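Colleague: With the sequence up front, the predicted model follows.
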Amino acid sequence: MTESAPTRKTAFAAFVRRALDDARAMRAWSGTEVSRRTGVSRQTINRWVRGDWVSDPEAERVVAFCEGLGLNPAVAFAALGWDRTAATRAATAPPPMDPDVEALLRRLVDPNVSDAEKFHIRETIRYLAYRPALPADVRKRGKRAG
């Protein structure tokens, strides 16, 4: 590992800070909500942001933080200097996106769409993203009925 500890701490702190800023801006999540959704305590997240850690963060916590925010853990690992190939993998093109999702994303960045409408879109997406999955037998019944 050629990177110094302060450099790695700074890179990881920037990654965590960006993730928190995005969670606040895109999902309107507070620090408490991020902690609840990721399973990582606010104190730990705050230490990561400050670069106030002696030994490397636990990989399981880093993965939980990333997965709770819908981020690729390889990017966090790259910031920590754990995986040299992560930066190359992260730069690959994303998979094709559903046209309806693209339309929603365009509306969310369109300055002509009101903040109220953007809030409604985000709340609907949030509801759909985090609602419990239906049991398999209920999904099958719905297909037969339709």
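Modeller: Received it, and whenever you're ready, just let me know what you need. Residues are numbered from 1 along each chain as shown.
Colleague: Got the confidence number for the residue nearest the centre of the chain?
Modeller: The centroid of the chain falls nearest to Leu69 when counting by CA atoms, centre = their mean (2.4 Å). Predicted confidence (pLDDT) for Leu69: 92.
Colleague: what about it, distance to Leu134?
Modeller: To Leu134, Leu69 is 25 Å away according to CB to CB, to the nearest Å. Heads up, the C-betas are built off the backbone N, CA and C, glycines and all.
Colleague: So what touches stretch 30-38?
Modeller: Residues from elsewhere that reach stretch 30-38, judged by CB atoms under 8 Å, 6 or more residues apart in numbering: 20, 23-24, 27, 29, 41-42, 45-46, 64-65, 67-69.
Colleague: ok, now with 6 Å
Modeller: Contacting residues not belonging to stretch 30-38 are listed as 23, 41-42, 64-65, 68 [CB atoms under 6 Å, 6 or more residues apart in numbering].
Colleague: mind showing which ranges of this structure have poor pLDDT?
Modeller: For the chain, the stretches flagged by pLDDT under 70 are 1-3, 84-94, 137-146.
Colleague: can you map out the helices along this structure?
Modeller: 5-27, 31-38, 42-50, 59-68, 73-79, 86-90, 99-109, 115-130, 136-145 (DSSP state H).
Colleague: buried ones in the longest one?
Modeller: What that stands for is helix 5-27. 8-9, 11-13, 15-16, 19-20, 23, 27 (16 or more other CB atoms under 10 Å).
Colleague: Can you report how many residues neighbour Gly81?
Modeller: Look at Gly81: counted by other CB atoms under 10 Å, it has 18 neighbours.
Colleague: now Ala64
Modeller: 16.
Colleague: Skipping adjacent residues, who's closest to it in space?
Modeller: Gly39 (4.8 Å; CB to CB, 6 or more residues apart in numbering).
Colleague: How much space separates the residue lying closest to Ala28 once chain neighbours are set aside from Pro135?
Modeller: Closest residue to Ala28 apart from its sequence neighbours, by CB to CB, 6+ apart: Arg122 at 7.0 Å. Look at Arg122 and Pro135: by CB to CB, they are 28 Å apart.
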